[in-house]
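Student: coords below, sequence missing:
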């Protein structure tokens, strides 16, 4: 079945630094990838949609200059949290679709802690 | 804008009983409704889905029903087991061609042994 790999699974960084999270589709071409943020005991909140080769579309309230998304190939999308602050601490999870298979395939998630 | 409401937020049932989780969506053009199970700290796993041209779908102990007129869809778990304990999320597509999913707020299901 479709597999999406996400790295790192957890990261601790200092306030003010940047962190890059990678999302790879291993056995299919991810035409579209989505990035979600999930705070404890809350739902998945869509941050942005990225189509391969295009600029990401951000949801209302998500700072595009803070959360940089790159989807340069059909198998890789990256999310960079720039100038991270403690309030950015969360579980970040990607999902991917080739628009053919049913349902999203989620990555394993990245727990970001900013200290 | 698009919205998916999910109820209840928490649900406790005795092992062997049934559990029902309900969702309501706002976009009448939504045409795909998946359900995900998420265990603590792990990725959501697709457990069942239904398309708008079908009213009901069943997979062993899990079933989903869809009422397009009322814009409701529900997850039914029968003969619940302790390993069914998790958070369940419904989702609906926002039919804009983006394949974007809008997730419900989640239901924490606890199956008591």
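Tutor: Done, it's in. Source: prediction; values computed, not measured.

Student: so who does the spatially most central residue of chain A touch?
Tutor: In chain A, the centroid-proximal residue (Cα atoms, centre = their mean) is residue A:35; its distance is 3.7 Å. Applying Cβ atoms under 8 Å, 6 or more residues apart in numbering or on different chains, one finds that residue A:35 lies in contact with A:23, A:46, A:47, A:48, A:50, A:67, A:69, A:77, A:79, A:92, A:93, A:94. Any C-beta I mention is one placed from the backbone N, CA and C, and that applies to glycine too.

Student: can you pull out the strands in chain B?
Tutor: B:4-7, B:10-14, B:19-25, B:32-38, B:45-51, B:56-59, B:62-67, B:72-77, B:86-93, B:101-103, B:107-112 (DSSP state E).

Student: which elements pack onto the longest one?
Tutor: Right, the one you point to is strand B:86-93. strand B:4-7, strand B:19-25, strand B:32-38, strand B:72-77, strand B:101-103, strand B:107-112 (3 or more Cβ pairs under 8 Å, 6 or more residues apart in numbering or on different chains; DSSP states H and E).

Student: so the fourth one, near chain A or not?
Tutor: Spelled out, it's strand B:72-77. No. Using Cβ under 8 Å from any Cβ of the partner chain, strand B:72-77 stays clear of chain A, coming no nearer than 14.4 Å.

Student: that strand pairs with which strands?
Tutor: Next to strand B:72-77 in the sheet, as set by DSSP bridges, lie strand B:19-25 (antiparallel), strand B:62-67 (antiparallel).

Student: buried residues in the shortest one, which are they?
Tutor: Of the residues in strand B:62-67, B:62, B:63, B:64, B:65, B:66 count as buried by neighbour count, 16 or more other Cβ atoms under 10 Å in any protein chain shown.

Student: quick one: residues contacting the closest residue to residue B:57 other than its chain neighbours.
Tutor: Of all residues beyond its chain neighbours, the one nearest residue B:57 is residue B:50 (4.8 Å), with distances taken as Cβ to Cβ, 6 or more residues apart in numbering or on different chains. Residue B:50 makes contacts with B:32, B:33, B:56, B:57, B:64, B:65, B:66, B:73, as judged by Cβ under 8 Å, 6+ apart.

Student: enumerate every residue touching the nearest residue to the third one once chain neighbours are set aside.
Tutor: Pointing back at residue B:56 there. Using Cβ to Cβ, 6+ apart and skipping the chain neighbours, the partner closest in space to residue B:56 is residue B:65 (4.9 Å). By Cβ under 8 Å, 6+ apart, the contact list for residue B:65 reads B:50, B:55, B:56, B:73, B:74, B:76.

Student: gap between the first one and chain A?
Tutor: Put plainly, it is residue B:50. From residue B:50 across to chain A, the span is 10 Å (Cβ to the nearest Cβ, to the nearest Å).

Student: and the second one, by the same measure?
Tutor: Taking Cβ to the nearest Cβ as the criterion, residue B:55 is separated from chain A by 18 Å.

Student: leaving out the residues flanking it, which one is nearest to that residue?
Tutor: Once flanking residues are discounted, residue B:55 sits nearest to residue B:66: 5.7 Å by Cβ to Cβ, 6+ apart.

Student: and the one you found, bridged to which residues?
Tutor: Going by DSSP bridges, residue B:66 forms beta bridges with residue B:73.
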